[in-house]
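Enquirer: Build me a model:
(one chain, ligands or ions: 2)
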Amino acid sequence: MAGPTHHVLARPEFDEGPKILIVVSPYYKDIADNLVAGAMAEIEAAGGSYEVIEMPGALELPSAIGIAARMGEYDGFVALGCVIRGETTHYDTVCNDSSRGLTLLGLQGICIGNGILTVENYEQAAVRADPQGQNKGGGAAAAALHLVALSRNLKEQGKGLGFTADRLGEG
Ligand SMILES: Nc1c(NC[C@H](O)[C@H](O)[C@H](O)CO)[nH]c(=O)[nH]c1=O
Ligand SMILES: CC(=O)[C@@H](O)COP(=O)(O)O
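Expert: Ligands and ions are numbered 1, 2, ... in the order given. From the prediction side, this is the model:
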């Protein structure tokens, strides 16, 4: 079913290409491969570089990103995977906790794009993962790149956390 189109922000520009870690669960391998292809193309188009690591399932993606973020090597992260409803309530756990985990990391200032599909069936996943279709992997990479750009721009303007805290202290 064709729905309304959504607006897509212009791709951010970088003086120095950001280094992005793509963390993917190949739980549904064909879907994951397409999500990764879309994310890689988006990062390349922005002049960035990437590495890819795999985790067993969507639930591991936030933990993996939390571990990798502590190394301080990456500017941003893209979480890619697919959760398809089964017979039990486990679907809700995997969807909600993976999303919540990524959101909590994001609120700590880690630049993350969430490309975990949460769908009713394989067909819904396929059109969303297809780089020539809805390209949700590319969209998640774009989200991470926008957050990296925001973070860099604010730092350049001296609006990093430390500066803000100092200013607040001035009353
Ligand atoms: N059912 C799906 C899972 N389940 C596995 C969990 O993500 C996790 O790996 C396990 O509970 C061990 O901690 N993962 C998906 O990515 N997609 C699913 O549909
Ligand atoms: C998303 C899931 O966790 C799902 O694949 C599990 O299936 P089920 O609820 O039938 O065990």
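Enquirer: Got the confidence number for the most centrally placed residue in the chain?
Expert: In the chain, the centroid-proximal residue (Cα atoms, centre = their mean) is G113; its distance is 1.9 Å. We have a pLDDT of 99 for G113.
Enquirer: Isn't it up against K136?
Expert: No. G113 lies out of contact with K136 (Cβ atoms under 8 Å); the separation is 9.7 Å. Glycine gets a C-beta too; all of them are placed from N, C-alpha and C.
Enquirer: Now stretch 62-70: buried residues?
Expert: When burial is assessed from 16 or more other Cβ atoms under 10 Å, stretch 62-70 yields the following buried residues: P62, A64, I65, G66, A68, A69.
Enquirer: Would you check how far apart the residue nearest to the centre of the chain and H90 are?
Expert: Noted for G113: a distance of 25 Å to H90, by Cβ to Cβ, to the nearest Å.
Enquirer: Kindly report the same for H6.
Expert: H6 is 30 Å from H90, by Cβ to Cβ.
Enquirer: ok, now S151?
Expert: S151 is 35 Å from H90, by Cβ to Cβ.
Enquirer: Look at these two and report which has more neighbours.
Expert: S151 (17 against 12; other Cβ atoms under 10 Å).
Enquirer: residues contacting that one?
Expert: D75, G109, C111 (Cβ atoms under 8 Å, 6 or more residues apart in numbering).
Enquirer: P18 too?
Expert: P18 neighbours (Cβ under 8 Å, 6+ apart): I43, A46, G48, S49, D75, G76, L145, V148.
Enquirer: The same query, at a cut-off of 6 Å, please.
Expert: By Cβ atoms under 6 Å, 6 or more residues apart in numbering, P18 lies in contact with G48, D75, G76, V148.
Enquirer: Just name the closest of the buried residues of stretch 62-70 to V94, please.
Expert: P62 (11.5 Å; Cβ to Cβ).
Enquirer: Can you tell me the element the closest residue to I116 other than its chain neighbours falls in?
Expert: Of all residues not flanking I116 in the chain, G81 sits nearest, at 4.6 Å (Cβ to Cβ, 6 or more residues apart in numbering). Taking DSSP states H and E as the definition, G81 sits inside strand 76-84.
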